[in-house]
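# What follows is a predicted protein model with its sequence.
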Amino acid sequence: MNSDNHSSELDVKLENIWASYNSFEPILQNCSLKINKGSSYVLMGPSGIGKTTLLKVLNGLISPSKGNLEVFSQLINNPKDLVSLRNRIGYIPQNLGLINNLGVLENVLLGALSSTNLLRSLSGKFRDEDLIEAKESLKLVGLEDKVNRRCYALSGGEKQRVAIARALVQKPKLLLADELVAELDYVTSREIMSLLHDVRKRLGLTTIMVHHDIDIAKNFGDKIGLLKHGMIHAEMDSNEIDVDIIKNMISSDNV
Amino acid sequence: MFKMNPKHNLFFSIFLVFLLISSINTNFDLMRLFSGSSNLFLFFEEITNPDLNLLRVAISSMFETLQIAFLGTFIGILFSIPFGLVASRNLFTKRVSLPGRSFLSIIRTIPSLLWAVFFVIIVGLGPFAGVLATAVYSLGFMSKLHYESIESIDPEPYESISAIGASKIQLMRFVVLPQAAPNLLSQILYMFEYNVRASTILGFAGAGGIGFYIMGYLQILAYSKVMTFLLVVLITVLLIDFISMKIRDHYIVPMLKSS
């Protein structure tokens, strides 16, 4: 399966990207990657290899030092170009980025900030449709009875559901999720992943996820990319992957 | 074991010289302290007999002092939070935060009593000058505490919410302030306690409150009358400290623990 001829349907295109946290040691080195619209791409690789860096390049938290970046077929020349696209890019970081002092509903509504009029949002008044959307998203992730709970009182799995609900309220075209279900038990992680899968299908959402669990990658990704030496070392369709090969490649002694 | 570094010896000598000079220039004299303590008995007799006829005046002037502290602290908060945000280096570049910080430290160099003198010149004698002095002093002091706690918040939520398109003002409103809130509240409460104590002497400069009476009776050496006022100050300060301790324990400490 080769999809090079579908360049018009790409949501993300990286060409020879170099990027780093500090200028001393580049984490991404000559990294190239194409992701089709509406597809689910899973990034795998040992820790510290640059998976998070790659996600942060895509929403402008890290600006690449070299290379070409296209998001939604728009060439990103400087980080400001990405800032204007951010309202269409959902982001669930590894630590979820929830505000513990705020309630569940308020945290979910933060997803609507970018589409809310500034003065309105500062007074804390969100649009009715956002409120309805937020409550529906919470229902969808199974937290309808914890709407008014403060976030610090939630379990790990519940917090991840809140983060997903926040991403849904944002109505992004592209969702970046960093080790979303890494800390959850087998059943809950599958529940949350299939929830995300349904939403993705329904909204035609493109997702780029970092996972360590090969089983999850296989079941919920269309394509899997292995990051190694700062670039996509190998790429395969999820229905034709060989679990043993991946295991070998991502085990850290192979870095 | 005790090898003295020659550099340390130098510092130690300078330290000793300063001690000596300061003692001479301040007329430090323990003999005088002891020989003069007989005067204390006279004083003691007066202050153990507070003039209770003045109790009503003392209470009502203390109430004025409380109101000066309350209103002054409130107006201080209105400005200290925006200033605290602007002076935070994790939110603004040096070009913005540094002038903010410099302004605040200039304000802090002036003690509240001097601010009181300043505002008495502008608005005349009375509690209004006291309110303004308290507000300005609180602004300088609280903003520093504010930006220190704002700078110590977890940067992750800020980064994540900015990555999904929230603007800077929205981030301050929904990410920074909620995260810093427990600390800010604790600082505000502390500032109010401090201001209740500090504004008891604002009357020395004519800026209203109980200090006016304390000053007046001190000048005519009416210690038993002074004592009535000091007792009221003591009881009020203890009461305010007790109440704010309760508020802290019940509302702020749980928030601090959870964040």
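Sure, I can see it. Numbers count the residues shown, from 1 in each chain, chains lettered A, B, ... in the order given.
# any idea how far the residue minimising distance to the centre of chain A lies from residue A:61?
Per C-alpha atoms, centre = their mean, the C-alpha nearest to the average position across chain A is that of residue A:176, at 1.3 Å. Counting by C-beta to C-beta, to the nearest Å, the separation of residue A:176 from residue A:61 is 10 Å. Yep, even glycine has a C-beta here, placed from its N, CA and C like the rest.
# Which residues of the stretch 101-250 of chain B lie near chain A?
B:156-157, B:159-167, B:169-170, B:173-175, B:178-179, B:181-182 (C-beta under 8 Å from any C-beta of the partner chain).
# ok, now with 7 Å
Counting by C-beta under 7 Å from any C-beta of the partner chain, the stretch 101-250 of chain B comes close to chain A at B:156-157, B:159-161, B:163-167, B:169-170, B:173-175, B:178-179, B:181.
# are any of the residues you listed buried, and which?
B:157, B:159-161, B:163-166, B:170, B:173-175, B:178-179, B:181 (16 or more other C-beta atoms under 10 Å in any protein chain shown).
# Widest-spaced pair of the residues you listed?
In these, two members sit farther apart than any others by C-beta to C-beta. They are B:165 and B:181, at 23.6 Å.
# can you pull out the strands in the stretch 51-200 of chain A?
For the stretch 51-200 of chain A, strands defined by DSSP state E, counting those that start in this stretch occupy the ranges A:66-71, A:74-75, A:89-92, A:174-178.
# Make a markdown table out of those strands and add distance to residue A:197.
Below are these laid out as a markdown table (distance: least, C-beta to C-beta, whole Å):
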| stretch | distance to residue A:197 |
| --- | --- |
| strand A:66-71 | 23 |
| strand A:74-75 | 27 |
| strand A:89-92 | 15 |
| strand A:174-178 | 12 |
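# just those: most buried one?
Of those, the one with the most neighbours on average (mean count of other C-beta atoms under 10 Å in any protein chain shown) is strand A:89-92, at a mean of 27.
# Ok, which of the strands of the stretch 51-200 of chain A comes nearest chain B?
For the strands of the stretch 51-200 of chain A, the distance to chain B is smallest for strand A:89-92, at 4.6 Å, taking C-beta to the nearest C-beta.
# got any ranges where the stretch 101-250 of chain A has weak pLDDT?
For the stretch 101-250 of chain A, the stretches with pLDDT under 70 are A:250.
# residues from it in reach of chain B?
When proximity is defined by C-beta under 7 Å from any C-beta, the stretch 101-250 of chain A lies next to chain B at A:101-102, A:110-111, A:113-114, A:118, A:121-122, A:152, A:170.
# Low-confidence ranges, the stretch 151-259 of chain B, go.
B:258-259.
# Pull up the gap between the nearest residue to residue A:203 once chain neighbours are set aside and residue B:175, please.
When the adjacent residues along the chain are set aside, residue A:203 lies closest to residue A:171, with 7.5 Å between them (C-beta to C-beta, 6 or more residues apart in numbering or on different chains). Taking C-beta to C-beta as the criterion, residue A:171 is separated from residue B:175 by 20 Å.
# Near the closest residue to residue B:198 other than its chain neighbours, how many other residues are there?
What sits nearest to residue B:198 in space, not counting adjacent residues and going by C-beta to C-beta, 6+ apart, is residue B:112, at 5.3 Å. The criterion is other C-beta atoms under 10 Å in any protein chain shown. On that basis, residue B:112 has 24 neighbouring residues.
# Hmm, residue A:87 and residue A:115 touching each other?
Yes: A contact is recorded between residue A:115 and residue A:87 when judged using C-beta atoms under 7 Å, the distance being 6.1 Å.
# For the two, indicate the residue with more neighbours.
Each of residue A:115 and residue A:87 has its neighbours counted (other C-beta under 10 Å); residue A:87 has more, 19 against 16.
# I'd say that one and residue A:114 touch.
Yes: using C-beta under 7 Å, residue A:87 and residue A:114 qualify as a contacting pair, with a distance of 3.6 Å.
# if we can go back for a sec, sitting in strands, which of the buried ones among the residues of the stretch 101-250 of chain B next to chain A do you find?
With strands defined by DSSP state E, no entry of those lies inside them.
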